[in-house]
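**Q** Turn this into a structure:
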Amino acid sequence: MRVQMTGGVLAAMLIAGSAQAVPLSFTKLDGVTGGDIANTAVFKADLSTIDGIIASIIIRDSGLPSGSSPGQFSGFDLDAIKISATDCATAACAAAAAGLDVFSFLGSSVVFTPGTQAAPADPKLFGTNAAGTGLDNGVATLGAFDGESSTVTPDGFISLGDNGVIAFNLTSAISGLGYFLYIGEVGDNGEVAASDIQVLPTRVPEPGMLGLLGIGIAGFGLMRRRAA
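**A** Numbers count the residues shown, from 1 in each chain. Reported below is the predicted structural model:
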């Protein structure tokens, strides 16, 4: 399955006046990966199409309600994110490929604005911190494709909520030439996520501004479905 993503320029302009956000085309890889209950779909984008420097990656749930799980598992369930020089055709290859050491999942390197929950709501989204306003990487472990595809014994992912937005500030800006971006969707349910690349060496600011970014990337989306 090949998905064309469009829009997103306004999102980056809200971060830095002249910054440009580049839309990507994602391809779903064959097979699944994940933890002991392995059912993570992996999507690949060729970063060589980006003419510029990548400093941040923004992923947003599309907000489409069809088939979404309720409560703490609402929205897109992100298993992992990776940038690699390996061009993979399968989910297993992406999980095993060596990744660039440009992600930190601590502190201001991750900026999160939780989306809403489908009823019945839980105190917070899965994989978030105690306040529900940030990433708990001890639970989400976004550096590895290890998500347990279960609502009974879940582990290794973060649920963004409907219209939730998460941004990753790279530890060092890179050129996309020769690299591929991989993201994992727990459950292989076709859930909708959006990925937006900021191509100037600027960092995504505080969560309050990140909420505004949803305006600029609301047009992105993959067709999604949610299995029982």
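
**Q** hang on, isn't Glu185 packed against Leu78?
**A** Yes. Using CB atoms under 8 Å, Glu185 is in contact with Leu78, at 7.3 Å. Using the backbone N, CA and C atoms, a C-beta is placed for each residue, glycine as well.

**Q** Overlap of the contact sets of the two?
**A** Ala193 (CB atoms under 8 Å, 6 or more residues apart in numbering).

**Q** just checking, what packs against the lengthiest strand in the chain?
**A** Assignment by DSSP state E gives strand 165-175 as the longest strand of the chain. Taking 3 or more CB pairs under 8 Å, 6 or more residues apart in numbering; DSSP states H and E as contact, the helices and strands that strand 165-175 lies on are strand 53-61, strand 77-84, strand 110-113, helix 207-216.

**Q** Buried residues in stretch 50-70, which are they?
**A** 50, 52, 54-64, 68-69 (16 or more other CB atoms under 10 Å).

**Q** State the mean pLDDT of it.
**A** Per-region confidence: stretch 50-70 scores 81 on mean pLDDT.

**Q** Least confident of the helices and strands packed on strand 165-175, on average?
**A** helix 207-216 (a mean of 50).

**Q** Surely Ala92 forms part of a helix?
**A** Yes. The assignment for Ala92 is a helix, going by DSSP: H, G, I helix; E, B strand; the rest coil.

**Q** Spatially nearest residue to it (excluding sequence neighbours)?
**A** Nearest in space to Ala92, with sequence neighbours left out and distances taken as CB to CB, 6 or more residues apart in numbering, is Thr33 at 5.4 Å.

**Q** so what's that neighbour up against?
**A** Thr40, Val42, Ala91, Ala92, Ala94, Ala95, Phe145, Gly184.

**Q** Mind doing that once more with 10 Å?
**A** 39-42, 79-80, 90-96, 144-147, 184, 188 (CB atoms under 10 Å, 6 or more residues apart in numbering).

**Q** need the helices for the protein, in chain order.
**A** For the chain, applying DSSP state H gives helices covering 9-15, 91-96, 137-140, 207-216.
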